[in-house]
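Undergrad: sequence and predicted structure, then a few things I'm wondering about:
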There are 2 protein chains.
Amino acid sequence: MRIGQLASLSGLAAHTIRFYESKGLLNKPKRSINGYRIYDKDALQSLSRIQCAQRLGFSLEDMLSVMAGDGTAQGMDHDKMLEQLDMRLIEVDILLGQLSRQKQDIIDFKVRLQKNWDQGQCLQVDEINQLN
Amino acid sequence: MRIGQLASLSGLAAHTIRFYESKGLLNKPKRSINGYRIYDKDALQSLSRIQCAQRLGFSLEDMLSVMAGDGTAQGMDHDKMLEQLDMRLIEVDILLGQLSRQKQDIIDFKVRLQKNWDQGQCLQVDEINQLN
DNA sequence: TATAAGCTTAAAGTTAACTTTAAGGTCAAT
DNA sequence: ATTGACCTTAAAGTTAACTTTAAGCTTATA
């Protein structure tokens, strides 16, 4: 199949598929006589793996580092993957903590705003008074 | 004080302060005879408000929209601020949900990986079989 | 006096993951 | 024969929030 069909099957835009190829995330496909890219099932599976990894929060660069370098996303290094997954878990936990704190900060801020407190609430007064 | 002192007091880099000025987030300061920027306490307070808003998760553009347009971050619109805070709360809740789901997905994925399941786990088989 | 720290500007570079544009070749159908 | 859908490439544009660079003044210190 050509890039258009792969695009509609994968749910990605054709130019995104070319972009992945240019980044080395996707194997360079065969070409038809006129130069069109010709794909098979494996390409769809590769794209699907990329989309899966993205859902788990990995960047395209993360994916490159676990791939065998052949762009197939087939020969992935199990240990590297587990390592990446653990790192991502830690990142996610940190983000969850930050977001929860942020949420509480916003709630607190709203309360102060509704009580019509001084708008200078963000600045520690002693910081300001260090000045002349 | 000059930009260097404002930078060290605020914890921001001098070029970041100039950048904020260029974006209209910070009032244009007076200049000394030689052209240097001269700041007072208010500038520090403005920077502090910017940093506060950033901690709450707002973008520089968000801040512009609640400012009176004078770059002081003084005459903020209370209603607009409350509206922004509520919008941000909703965003944060959505992000928290996404991240929790992502975390569970990663945990599930790890389990499958450790059980040495087929690496094709990401792709629905019927999706692949639509192909020739 | 020299050198180093601090200030000025405008413009370009950074990162990620694409998207858009330009300029054109191919192919099926009308 | 021409319209329209689909394909090609390379390069530039997008967004956010800066950072870096270049080229050149000013001021304090040794």
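TA: Happy to help now that I have it.
Undergrad: who's in contact with A:Leu60?
TA: By CB atoms under 8 Å, 6 or more residues apart in numbering or on different chains, A:Leu60 lies in contact with A:20, A:23, A:25, A:50. All C-beta atoms are positioned from the backbone trio N, CA, C, and that covers glycine.
Undergrad: and those residues, which are buried?
TA: Among those, those classed as buried by neighbour count (16 or more other CB atoms under 10 Å in any protein chain shown) are A:20, A:25, A:50.
Undergrad: and the contacts of A:Leu60, which two are the farthest apart?
TA: A:Lys23 and A:Ile50 (10.2 Å; CB to CB).
Undergrad: just the contacts of A:Leu60: which are in helices?
TA: Cross-referencing those against helices under DSSP state H gives A:20, A:23, A:50.
Undergrad: residues contacting stretch A:11-19, please?
TA: Residues outside stretch A:11-19 that contact it (CB under 8 Å, 6+ apart) are A:3-4, A:6-7, A:10, A:26, A:37, A:47, A:51.
Undergrad: hey, C-alpha coordinates of it in PDB?
TA: C-alpha atoms of stretch A:11-19 as PDB (Å, rounded to 0.1, in the frame of the first residue of the first chain):
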ATOM      1  CA  GLY A  11      -4.700   7.500  11.900                       C
ATOM      2  CA  LEU A  12      -1.500   9.600  11.200                       C
ATOM      3  CA  ALA A  13      -1.100  12.200   8.500                       C
ATOM      4  CA  ALA A  14       1.100  11.100   5.600                       C
ATOM      5  CA  HIS A  15       3.500  13.900   6.200                       C
ATOM      6  CA  THR A  16       3.900  12.700   9.800                       C
ATOM      7  CA  ILE A  17       4.800   9.200   8.500                       C
ATOM      8  CA  ARG A  18       7.500  10.800   6.300                       C
ATOM      9  CA  PHE A  19       8.600  12.800   9.200                       C
END
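Undergrad: in chain A, which residue sits nearest DNA strand C?
TA: Among all residues of chain A, A:Ser59 sits closest to DNA strand C, at 3.1 Å; criterion: CB to the nearest atom of the strand.
Undergrad: distance from the chain centre to the helix or strand A:Met63 falls within, please.
TA: For A:Met63, the host element (DSSP states H and E) is helix A:60-66. The chain centre lies 11 Å from the centre of helix A:60-66; the measure is CA atoms, centre = their mean, to the nearest Å.
Undergrad: quick one: the lengthiest helix in chain A near chain B?
TA: If you go by DSSP H, chain A has its longest helix at helix A:78-114. Yes. Helix A:78-114 lies within reach of chain B by CB under 8 Å from any CB of the partner chain, at A:78, A:81-82, A:85-86, A:88-89, A:92-93, A:95-96, A:99-100, A:102-103, A:105-107, A:109-110, A:113-114.
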